[in-house]
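Student: Prediction below, plus the sequence it came from.
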Amino acid sequence: RLPGIGRRSAERIAYHVLAAPTDEAMALAVAVRDVKRNLHPCAVCGDLTEKERCAICDDSRRETGTICVVEWPREVRAIEKSGEFRGRYHVLMGRLSPLSGVGPGDLRIGVLIERVKAGDVSEVVLATSPTVEGDATAAYLTRRLHEDAAGVTVTRLARGLPAGSDLSFAQSGTIGEALKGRK
Ligand code: ZN
């Protein structure tokens, strides 16, 4: 039932747990239990944390003027790994998806607008996924921010070629995006 784990991998993991020392197997069980018991959304950004506010929202060295909007908590981790972003985050918990019945009211959009209006935010970086739904979500957020929080700069992550790969392996759509976003 876990993503990315097929029948054969599941079997290997099951036998591994059976053969493992009791302590090790129980530690795994406790870790699974604690994830559900202790992790909850940060009161400010919606990222997962064990406290009231997450470590990033609590870190006074992070810039308060820039908010990066992502769809899911795992994307906060991905952007943090790049080491290029020093602002704060806002997790939407999904993206607009009319076909799956996900509308603006189902996402953490209202609280984002309130955050931008309340604070000294000068830029909102939209880091929604480069898909039709991610683009629609970004377009919707851009409109809402311009309507409700005039004066704030709304930007979007550049799209293009993955670093370290060969140009000839890239899809034509990706090359087209990279050409449009050239600088
Ligand atoms: Zn937070």
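Tutor: Noted; the coordinates are in hand.

Student: and residue 67, what are its phi and psi?
Tutor: phi -120, psi 130 (degrees, to the nearest 10).

Student: That one contacts residue 127, correct?
Tutor: No - using CB atoms under 8 Å, residue 67 is not in contact with residue 127; the gap is 10.2 Å. Every C-beta, even on glycine, is put in place using the N, C-alpha and C of the backbone.

Student: Could you check the pLDDT of residue 175?
Tutor: Model confidence at residue 175, given as pLDDT, is 89.

Student: what about it, how many neighbours?
Tutor: Number of residues near residue 175 (other CB atoms under 10 Å) recorded here: 14.

Student: if I pick it, what's in contact with it?
Tutor: Residue 175 makes contact with 161, 167, according to CB atoms under 8 Å, 6 or more residues apart in numbering.

Student: now residue 164
Tutor: Listed by CB under 8 Å, 6+ apart, residue 164 has no contact partners.

Student: ok so it is a strand residue?
Tutor: No - judged by DSSP: H, G, I helix; E, B strand; the rest coil, residue 164 forms no part of a strand; its state is coil.

Student: quick one: it from the ion, how far?
Tutor: Separation of residue 164 from the ion (CB to the ion, to the nearest Å) stands at 31 Å.

Student: ditto for residue 152
Tutor: For residue 152, the distance to the ion equals 19 Å [CB to the ion].

Student: What of residue 83?
Tutor: Using CB to the ion, residue 83 is found at 19 Å from the ion.

Student: Which pLDDT value does the model give that residue?
Tutor: On the pLDDT scale, residue 83 gets 92.

Student: residues near it, how many?
Tutor: Look at residue 83: counted by other CB under 10 Å, it has 7 neighbours.

Student: just the one 5 residues further on next, same as before
Tutor: When counting by other CB under 10 Å, one arrives at 23 neighbours for residue 88.

Student: Contact partners for it?
Tutor: Contact analysis of residue 88 by CB under 8 Å, 6+ apart lists 44-45, 56-57, 62-64, 66-68.

Student: filter the residues you listed down to the ones near the ion?
Tutor: Among the contacts of residue 88, the ones lying near the ion by CB under 5 Å from the ion are 44-45, 57.

Student: would JSON lines of these with neighbour count and distance to residue 169 be doable?
Tutor: Below are these laid out as JSON lines (neighbours: other CB atoms under 10 Å; distance: CB to CB, whole Å):
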{"residue": "44", "neighbour count": "19", "distance to residue 169": "41"}
{"residue": "45", "neighbour count": "26", "distance to residue 169": "36"}
{"residue": "57", "neighbour count": "19", "distance to residue 169": "39"}
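
Student: Now render the residues you listed as CSV, adding distance to residue 23 and pLDDT.
Tutor: Listed next are the ones next to the ion among the contacts of residue 88 as CSV, based on distance: CB to CB, whole Å; pLDDT from 0 to 100:
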residue, distance to residue 23, pLDDT
44, 37, 95
45, 36, 96
57, 35, 95
